[in-house]
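Trainee: Show me how the following folds:
(chains A and B)
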Amino acid sequence: MKFRSITVALTITLIPFIIGVALFLKKGDQELPRKTRFMTDTGENNKGAVYKGIKIDWAFCPSWEYQPLFFRSEEYFVFVFHYTNSNNEDVYLMPSYSFASSGNRRYSANEEIAMYIEDGIENQLKIQDQTPMNFKISPNSVKHYLVAFEKPPAITAFTVDVDIFRDVTLRLYYKKEGQIWVHDKNEFVNNYNGRG
Amino acid sequence: MLKRIIKNFGPEWGAAVMGTAALCITMQLSSEVSRPFSPLLYVGLGFFLLTTVIFILFLIPWTLRFFMYPEEIRKDLKNPVRGNFFPTIPISFILAGTGMNKLGPMLFGPWLSYHLSIIFFFLGAAGIFTFGYILTRIQFLHREIHLEHANFSWFIPPVSHLIIPVLGACSMDVYWAQTSLAPVIFMISMIALGVGFFNFLFVGAAVWHRYIYHTIPQGRLAPTVMVGIAPTAIVVVFLIKFTEAIEASHGSLFGINFVSVFPLIKIIASIFWGFSFWWLILAVILLTHYVKIKDHPLEFGWWAYTFPLEAFVVATGLLAKSVAYQLLYPVLITLNVLAVIVWVTVVFGTVKWLERGAFFSAQH
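Mentor: Just a heads-up that it's a prediction; the model follows:
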C-alpha cells in the first residue's frame, strides 16, 4: 500500500474520533448557565406521590438551556424522576411521559435532548440516570429517570402525564406565578383500556 | 477527469455511506450504556459529520450519471450484481435522516433536525420504492439471469424497504406524533414493512436454493452473505422504535390499542435478533471457508461487511433497552468495537483498491 494511500485512509478513519474528542472536551469545559439549575425536588418536602408501593418524586428545572453547535440555544423543561420501591419484591417499570399545555399540542419527552444533557444533570444532582425503556427496581432501592420537554413559548400552565401503571396515570400540574413555575397539584387519572 | 469519475461512479458507492452512517447510531447507543462511554456520543457525531460529507460527495456524481451517462445506468441496472446496489443511495437518505433525528438536534436544535429528517424520509422512501419496482421488473423479465447469479445482494432492492419504517417510527416517536403527518408516515411505514418482510422470505428462499443446489458464489461475492444479517436486525430496530412511538402516542395509534402487545413485540424482537446472531456466525463460518481456499480478494464489495454488522449492533443496543440489558450491554460494546475494526479495515481496503484506478475505469 502506498504511503499516500495510508495517509488518506488514516485521515478518514481518524476524523470521527478527533471530532468526537474535540467536541467532548469543548462541551465538558463549558460552565452551565446560572438558570440551568433544578428549582424544586418533591423528595425534599415529601410532596411526591405513592401508588402500589412505588414512591414517585421528581426534581424540576424550568429553564435548562441547551446550545446546539450551529444554532441558538433553547430552553427545556427538565424533570428527573426518582422511583423508590417500598414493596417486598422487585418491580419492573416501563415509564413514558407526555406534556400538554393549552393552545399547544400534546407531545412526548424528547429523548435526544435528555441524552445530550445527561452528564450535566448527573453532575448537578449527584445521581446516575438509568433510562432504559423498562427497568427493575429492587425492594427499598431508588432509580432515576431523566425527562426533557421542549418548552412552548408564552404558556402559563402545563401538565405532565407520567405513565407507569397499567390502570392509572400520574398527572402533574404546573402553573406560572409571576416568573416562577409552581407545582400546583398531582392527581391519579384512570386510564381507559379500550378494545381497539 | 471528472467526467470519467462520473461515468464510472458505480451504484455500489452508497454502501460506503451506509457503512459509515450506521456507526453514528451504534456510537450513540453505546454511549448510553454507562458514564465512561458517554464520550462515544460525540464520536457518533463525528461519524455523522463524516457521513454527511461523503454522502454529499457521492450524491453529486451518482445523480449526474443518470443525466450524463444513461446508457451506463441501463447497463448497470441489468447487471445481476451491480444493479442491486442502486437503492443504496436512497437507503443512505433514510440513514442520514435517522442520524439527523438522533444526533441532528446537537447540531441544529430539534426543529430543523426533525424537519430535515422527515424530508429525507420521503426522498429515501420514494427512491427505495422506485428502485424496488425497477429492479424487480428487470429481474422478472431478464432472460439471462441464472441460478449461479443468485447472491445475497439480491436482498438489497426489495428488502431495503424494511429500513423505511425505522425512520418512520423514529419520526413518530416525538416530533411528528399526533400531527396530521403521522398517519401518512405510519401507512408508508407499514406498506414498506410488508414489502420488505415478505420479499425477505421470497428472495431469501431463492438465494438459499442456489447455496444448496449450486456452487456457492466466487470469492469476490463472499461479503454479500453478510447482507443476510441485516433484514431481521432491521426488523428488531423497527419493533423497538415502534414501541417507543406507541408510548409517545399514549399506548394507541390511530385507534389501535398496542399496550397489550408490548410483551409480544419484545418476544418477537428477541427471536428476530436471535436469527441475525445465528446468521452472523454462519457468515463467519463461510468467510473462514473463503479465506481457507484463498478466494477472498480485495474488492469494493467488502463494504457489505459493514452495514449489516452495524445494523445488528443497533438492534442489540435497542433490544437491551427492553430485555436482558445486563447480558446485552456487554455484547453491544463488544460488537461496537468489532464494527469499528471492520469499518477501519474496509476503509483501508477501499483506499488500497482505489490505487488500481477504480475511479477512472469500471473495475467494480
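
Trainee: all helices of chain A, in order?
Mentor: A:3-29, A:111-125 (DSSP state H).

Trainee: what's the last one in contact with?
Mentor: This means helix A:111-125. A:28, A:32, A:36-38, A:59, A:64, A:66, A:76, A:78, A:80, A:127-129, A:131, A:144, A:146-148, A:150, B:28, B:31-32, B:35, B:38, B:41, B:101-103, B:105-106, B:110, B:173-174, B:244 (CB atoms under 8 Å, 6 or more residues apart in numbering or on different chains). To be clear about C-beta, it is placed using only N, CA and C from the backbone, and glycine gets the same treatment.

Trainee: Among the helices of chain A, which comes closest to residue B:75?
Mentor: helix A:3-29 (29.1 Å; CB to CB).

Trainee: Show me what counts as buried in that closest one.
Mentor: Applying a neighbour-count criterion of 16 or more other CB atoms under 10 Å in any protein chain shown, one finds A:5, A:8, A:9, A:12, A:13, A:16, A:19, A:20, A:23, A:24, A:27 buried in helix A:3-29.

Trainee: Show me how far stretch B:152-170 is from its chain's centre.
Mentor: Taking CA atoms, centre = their mean, to the nearest Å, one finds the center of stretch B:152-170 at 7 Å from the center of the full chain.

Trainee: Show the contacting residues for the residue most central in space within chain A.
Mentor: For chain A, the residue sitting closest to the mean C-alpha position, by CA atoms, centre = their mean, is residue A:147 at 1.6 Å. Counting by CB under 8 Å, 6+ apart, residue A:147 makes contact with A:78, A:79, A:80, A:81, A:97, A:109, A:114, A:160.

Trainee: Which residues does the second one form beta bridges with?
Mentor: Okay, so that is residue A:79. residue A:60, residue A:147 (DSSP bridges).

Trainee: what about the helices in chain B?
Mentor: Counting by DSSP H, the helices of chain B are B:2-8, B:14-31, B:40-68, B:70-78, B:88-108, B:110-141, B:156-159, B:164-173, B:182-213, B:230-248, B:262-292, B:306-322, B:325-354.

Trainee: close to chain A, is the third one?
Mentor: Right, helix B:40-68. Yes. Judged by CB under 8 Å from any CB of the partner chain, helix B:40-68 comes into contact with chain A through B:40, B:41, B:42, B:43, B:44, B:45, B:46, B:47, B:49, B:50.

Trainee: Was I right to think the fifth one contacts residue B:22?
Mentor: Yep, that's residue B:44 we're talking about. No. Using CB atoms under 8 Å, residue B:44 is not in contact with residue B:22; the gap is 10.5 Å.

Trainee: May I see the residues of helix B:40-68 next to chain A arranged in JSON lines, with pLDDT, neighbour count and distance to residue B:273 as well?
Mentor: Shown next, in JSON lines, are those (pLDDT from 0 to 100; neighbours: other CB atoms under 10 Å in any protein chain shown; distance: CB to CB, whole Å):
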{"residue": "B:40", "pLDDT": "94", "neighbour count": "23", "distance to residue B:273": "21"}
{"residue": "B:41", "pLDDT": "92", "neighbour count": "26", "distance to residue B:273": "23"}
{"residue": "B:42", "pLDDT": "93", "neighbour count": "27", "distance to residue B:273": "28"}
{"residue": "B:43", "pLDDT": "96", "neighbour count": "26", "distance to residue B:273": "24"}
{"residue": "B:44", "pLDDT": "96", "neighbour count": "25", "distance to residue B:273": "21"}
{"residue": "B:45", "pLDDT": "94", "neighbour count": "26", "distance to residue B:273": "27"}
{"residue": "B:46", "pLDDT": "96", "neighbour count": "25", "distance to residue B:273": "27"}
{"residue": "B:47", "pLDDT": "97", "neighbour count": "29", "distance to residue B:273": "23"}
{"residue": "B:49", "pLDDT": "95", "neighbour count": "19", "distance to residue B:273": "30"}
{"residue": "B:50", "pLDDT": "97", "neighbour count": "20", "distance to residue B:273": "28"}
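
Trainee: Which member of those residues is positioned nearest residue B:163?
Mentor: Relative to residue B:163, and with distances defined as CB to CB, the nearest of these is residue B:47, at 17.7 Å.

Trainee: you'd agree the closest one is up against residue B:19?
Mentor: No. Look at residue B:47 against residue B:19 with CB under 8 Å: they stay out of range, at 10.4 Å.

Trainee: Quick check: closest non-adjacent residue to residue B:120.
Mentor: Distance criterion CB to CB, 6 or more residues apart in numbering or on different chains; nearest residue to residue B:120, sequence neighbours excluded, is residue B:97 at 3.1 Å.

Trainee: With residue B:251 instead?
Mentor: Residue B:251 sits nearest to residue B:259 (CB to CB, 6+ apart), 4.0 Å away.

Trainee: now residue A:155
Mentor: Using CB to CB, 6+ apart, the closest residue to residue A:155 is residue A:101 (4.6 Å).

Trainee: Distance of the one you found relative to residue A:117?
Mentor: 21 Å (CB to CB, to the nearest Å).

Trainee: bridging residues for residue A:157?
Mentor: Under the criterion used (DSSP bridges), residue A:157 bridges to residue A:175.

Trainee: pretty sure it contacts residue A:177?
Mentor: No. Assessed by CB under 8 Å, residue A:157 is found out of contact with residue A:177, at 10.3 Å.

Trainee: Have a look at those two and say which one is more surrounded.
Mentor: Comparing residue A:157 with residue A:177 by other CB atoms under 10 Å in any protein chain shown, the one with more neighbours is residue A:157, at 14 against 9.

Trainee: Tell me who's in contact with that one.
Mentor: Residue A:157 touches A:101, A:102, A:173, A:174, A:175, A:176, A:184, counting by CB under 8 Å, 6+ apart.

Trainee: ok, residue 189 - how many residues close by?
Mentor: All of this refers to chain A. Considering only other CB under 10 Å, residue A:189 is surrounded by 11 other residues.

Trainee: let's do chain B instead
Mentor: 24.

Trainee: follow-up on the earlier one: quickly note the distance from the residue nearest to residue A:155 to chain B.
Mentor: As for residue A:101, its distance to chain B is 14 Å (criterion: CB to the nearest CB, to the nearest Å).

Trainee: what's the neighbour count on that residue?
Mentor: Neighbours around residue A:101, by other CB under 10 Å: 20.

Trainee: Show me the shaky parts of chain A.
Mentor: Low-confidence segments of chain A (pLDDT under 70): A:28-36, A:104, A:131-134, A:192-196.

Trainee: tell me the domain boundaries of it?
Mentor: A:1-30, A:33-190 (automatic domain parsing).
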